[in-house]
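Below are the sequence and a predicted model; questions follow.
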Amino acid sequence: MTLDARGRTFEQVFFAKTVDDADCKKYSKNVIDDLQKKQAHDSAGQWVVKLSECKPDLAPRYAKLFDNEPTFVTYLSMARGERRERETRLLYWGVSVDESDRVCDSVSKLQNGRKGAVTCIRAARQ
């Protein structure tokens, strides 16, 4: 997804572990529907879904995100806490270190309404 806000464009990548292809398609649709509902009440920017696809496996580079270890980028780890939730990872491309720190600071806000824990995994220092 991309967000155009305040003259900048950010890209958000969302990975979720699902039961099977049908679960993936249903969960993806629910995420997109929820995003569109939230946008209707938020004037901060406009999210545009560029691509939504279901794959049986992730590339090894992205699969490592589900180990909750620091990697090449700061990301959010969202654990499954109830039946309707899925184990997910949320990444932002095109953001500065300060902006990714602000994403980490928003963990408590993202925790609202979720049973599963939301954790910020900061990028490994080079």
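Right, received. Where do you want to start?

pLDDT below threshold where in this protein?
Applying pLDDT under 70 to the chain picks out residues 5, 40-45, 126.

What is the longest helix seen in it packed up against?
The longest helix of the chain (DSSP state H) is helix 21-39. If contacts are counted by 3 or more CB pairs under 8 Å, 6 or more residues apart in numbering; DSSP states H and E, helix 21-39 sits against strand 8-16, strand 46-48. The way it works is simple: take the backbone N, C-alpha and C, and place the C-beta from them, glycine included.

Quickly compare those and say which is most buried.
When the helices and strands packed on helix 21-39 are scored by mean count of other CB atoms under 10 Å, the highest mean neighbour count falls to strand 8-16 (a mean of 16).

Show residues contacting that strand.
For strand 8-16, contacts defined as CB atoms under 8 Å, 6 or more residues apart in numbering pick out 1-3, 24, 27-28, 31, 47, 50, 58, 62, 65-66, 86-95.
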